[in-house]
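Visitor: this is a predicted model, with the sequence first.
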Amino acid sequence: MNDIPRVTWPILGAVSAGGALGSLLRWGLSSGVSAYGGWPWATFLANVTGAVALGVVLVIALEVRPGSRFLRPFWGAGVCGGYTTFSAFALEVHHLLADGRMVLAIAYAVTSVLAGVLGITGGIATTRALRARKDS
């Protein structure tokens, strides 16, 4: 429990500001990227790139700058949380199923989850490798 920051108004402000920024980034992405072939590309790209970003943020917040009080709330919960969207992902799977596109719905759901896991793993591994390279 020691690694969980105490919730205070400044922490809530950091999460809120980061969430606003992340939401605006997601809105910008969804405004510029459309579905192609029924695949909801904007949400897919937001969730996968958000997973990569969260991997980077976690390494920096927990290993590089563990004493930073606002880094994790602003970038992790705020920006990455506002940028990624599980609710839109779930709704898009629902719409694909409702439209009778079961194979596409299953492919989208499975690919999104796997790409997200690979994304966060890649973000963590890449950030650690870059840190190790810088330190050597």
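Guide: That came through fine.

Visitor: correct me, but residue 56 touches residue 125?
Guide: No: using C-beta atoms under 8 Å, residue 56 is not in contact with residue 125, being 10.4 Å away. C-beta here means a position set from N, CA and C on the backbone, and glycine is covered the same way.

Visitor: higher neighbour count, the two?
Guide: Higher neighbour count among residue 56 and residue 125: residue 56, with 19 against 12, using other C-beta atoms under 10 Å.

Visitor: and the more buried one, what pLDDT?
Guide: Residue 56 carries a pLDDT score of 98 in this model.

Visitor: need the contact list for it.
Guide: By C-beta atoms under 8 Å, 6 or more residues apart in numbering, the contact list for residue 56 reads 123-124, 126-127.

Visitor: now the buried members of the residues you listed.
Guide: The neighbour count (16 or more other C-beta atoms under 10 Å) marks 123-124, 127 as buried among these.

Visitor: how distant is stretch 98-112 from the center of its chain?
Guide: Centroid separation for stretch 98-112 versus its chain: 21 Å, with C-alpha atoms, centre = their mean, to the nearest Å.

Visitor: in that stretch, what's buried?
Guide: Here stretch 98-112 shows 104-105, 108-109, 112 as buried, counting by 16+ other C-beta under 10 Å.

Visitor: now residue 34, what's its secondary structure?
Guide: Here residue 34 is coil, with the state taken from DSSP: H, G, I helix; E, B strand; the rest coil.

Visitor: mind listing what it touches?
Guide: Residue 34 makes contacts with 41-42, as judged by C-beta under 8 Å, 6+ apart.

Visitor: distance of it relative to residue 45?
Guide: Remark: distance between residue 34 and residue 45 (C-beta to C-beta, to the nearest Å) = 11 Å.

Visitor: ok, the spatially most central residue of the chain - contacts?
Guide: Nearest to the geometric centre of the chain sits residue 50, at 2.6 Å (C-alpha atoms, centre = their mean). Counting by C-beta under 8 Å, 6+ apart, residue 50 touches 22, 80, 83-84, 119.
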